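> here is my input; please provide its structure:
(one chain, ligands or ions: 1)
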Amino acid sequence: MSGKLVVVSNRIPTGDTPSGGLVVALHGALEQSGGLWVGAHPDTAGPGDTGLTEIDRGSYTRLAFHLSEAEYDSYYLGFANSVLWPLCHGRADLVELERSYEEGYMAVNRRVARLLADKIEPDDTVWVHDYHFLPLAGELRKLGVSARIGYFLHIPFPPLSALSTLPSPDDFADWLASYNLIGLQTRRDTARCLEMFRSDPRAEFMTDGTVKFQDRVVSVRSFPIGIEVDRFAEAAATPTDAADLGADMGEQLVIGVDRLDYSKGLPNRFRAFGEYLDRKPEDAPRASLLQVAPPTRERVAAYRAIRAELEEIAGRLNGAHSELDWTPIRYIHHAVDRDLLAVLYRRAEACLVTSLADGMNLVAKEYVAAQDPEDPGVLILSRFAGAGEDMTEALLVNPYDVSEMAEAIATALSMPLEERKRRHAACLRVVRDSDVSGWAQRFVDCLRNCVPTLAYDGLP
Ligand code: GDG
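Numbering: from 1, shown residues only. From the prediction side, this is the model:
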């Protein structure tokens, strides 16, 4: 392997033990190549703190850049999470356009490029993650970086029409064209990205499928992300005290696990569960919905609003349906331990993933990996989650259609064993095929085989 692997993501792994699929998947390659991971320091700092700090010295180098309070507001909460996130998730109505957001976003990207440029050798491979760093490759190129730079977008690629919401819509294609490889979650995202280039007079399509954009050449491909399948399956099958939780969970358990984000379709999910309870025959087993929804981005108004809406619905439904010895909806607004989560997935007869838009949705894959193949539960999966593109044997639902989801819950909870096994086996094949280690390897291999960067004439 030539050169080192350099990874850039907003969140930087901390602590000695690797956690999280991406971190585990890249650990080996980073270690072997003497690699580098760069991300935002978990604590905001004063405006004078503009260098890189080494954190958690381990088998590879982790360097953190600092964000001031103002940058955290403009780059992270602002442009990334109040402009790009809603835009990519089909919620242009939630986009907040403030000049300071874009300025902060560009300033942070420029600074990260400056801090990183002299650490990158020409034969290194740079892998940039997600919507926080769209302009990073362009900024690195301006500083003369010629190494291969790849980009993976974890969230949906926006439809062409949504890009007009941006303050400078033409920038999006220009930012992306500075990468050698653009990786997207699904074929649908790839088609949208290519549509963007196709409609751009600055771009032309080459016979090998790459896109020539002014002086640059970029490849676009889908790489559906996955999880650490074996680790999840093992954790789920390991008996813990949590198994006793079953006694309090009703006769049948339906589970949902999501950051409390408006893209995850939680209000309609709760309404669907309520409608299922309204319609269910008297003699059907008592079912409970366990919803784990840890808080996220609570300083953004749209996140406070979704929390209030969800709590109102949960309160109303519990008021209407609870008995002295049973509460139908258990809503946990804090994080649950990962291994306990795996056990709960296995305990649940059904899992509800009802995203209105979602890059992939790892919960869908975790739930499938956690099942007992001899007596598996049923995945109810939104057609609008990337996972729905390949997991076609899940019970696919339209998350805007509450009645359809209520029917899917009834179908899942009464599904015969043979059908459950057949559907689960098909979903598990998809989950195994996208295991996160293979996923990371495929991306890095593809990036290393990309057309090298053409002479960049934007050098200062
Ligand atoms: C983005 C894209 C794409 C959740 N609650 C707890 C907890 N979680 C874990 C889940 C899962 C992860 O968080 C959530 O991943 P998702 O994929 O479902 O969604 P996003 O956070 O929106 O992720 C998404 C992903 O990036 C990867 O590319 O799939 O589409 O939006 O792993 O288990 N984990 C623990 N306690 C919790 O309470 N331990």
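> which helix or strand contains V254?
strand 252-257 (DSSP states H and E).
> what pairs with that strand, and is each one parallel or antiparallel?
Partners of strand 252-257 in the sheet, by DSSP bridges, are strand 287-292 (parallel), strand 350-353 (parallel).
> in the following helix or strand past it, which residues are buried?
Using DSSP H and E, the helix or strand that directly follows strand 252-257 along the chain is helix 266-279. By neighbour count with 16 or more other CB atoms under 10 Å, helix 266-279 contains the buried residues L266, P267, N268, R269, F270, R271, A272, F273, G274, E275, Y276, L277. All C-beta spots, glycine's among them, are computed from the backbone N, C-alpha and C.
> before we move on, what about stretch 29-38?
A29, L30, S33, G35, L36, W37, V38.
> not counting sequence-adjacent ones, nearest residue to the fourth one?
Spelled out, it's G35. L5 (4.1 Å; CB to CB, 6 or more residues apart in numbering).
> residues touching G438, list them.
G438 sits next to G226 when contact means CB atoms under 8 Å, 6 or more residues apart in numbering.
> circling back: can you redo the buried residues of helix 266-279 as TSV with pLDDT and distance to the ligand?
As requested, the buried residues of helix 266-279 are exported to TSV (pLDDT from 0 to 100; distance: CB to the nearest ligand atom, whole Å):
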residue	pLDDT	distance to the ligand
L266	98	12
P267	97	17
N268	98	17
R269	98	14
F270	98	17
R271	98	21
A272	98	19
F273	98	18
G274	97	22
E275	98	24
Y276	98	23
L277	96	24
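> and stretch 138-151, how far apart are its ends?
12 Å (CA to CA, to the nearest Å).
> and it with the ligand, contact?
No: for stretch 138-151, no contact with the ligand is found by CB under 6 Å from any ligand atom; the gap never falls below 13.1 Å.
> tell me the mean pLDDT for that stretch?
For stretch 138-151, the mean pLDDT works out to 97.
> which parts of the protein sit against the ligand?
So the chain meets the ligand at 154-155, 225, 257, 259, 292, 294, 335-336, 338, 341, 358-363, 366 (CB under 6 Å from any ligand atom).
> are any of those buried, and which?
154-155, 225, 257, 292, 341, 358-363, 366.
> distance check, the residue nearest to L163 when sequence neighbours are not counted against I155.
Nearest in space to L163, with sequence neighbours left out and distances taken as CB to CB, 6+ apart, is P169 at 4.8 Å. P169 sits 18 Å away from I155, going by CB to CB, to the nearest Å.
> next, name the residue at the spatial heart of the protein.
Central residue of the chain (CA atoms, centre = their mean): H154, 4.9 Å from the mean position.
> which secondary structure element contains that one?
Counting by DSSP H and E, H154 is part of no helix or strand.
> between helix 266-279 and the strand holding V254, find me the angle.
170 degrees (axes from the mean of the first three to the mean of the last three CA atoms, to 10 degrees).
> quick thing: my sequence starts at 198, can you match it?
Will do, 198 is the new start, and the previous item becomes strand 449-454.
> how far does strand 449-454 sit from the chain's center?
21 Å (CA atoms, centre = their mean, to the nearest Å).
> can you check stretch 326-343 too?
21 Å.
> end-to-end on it?
18 Å.
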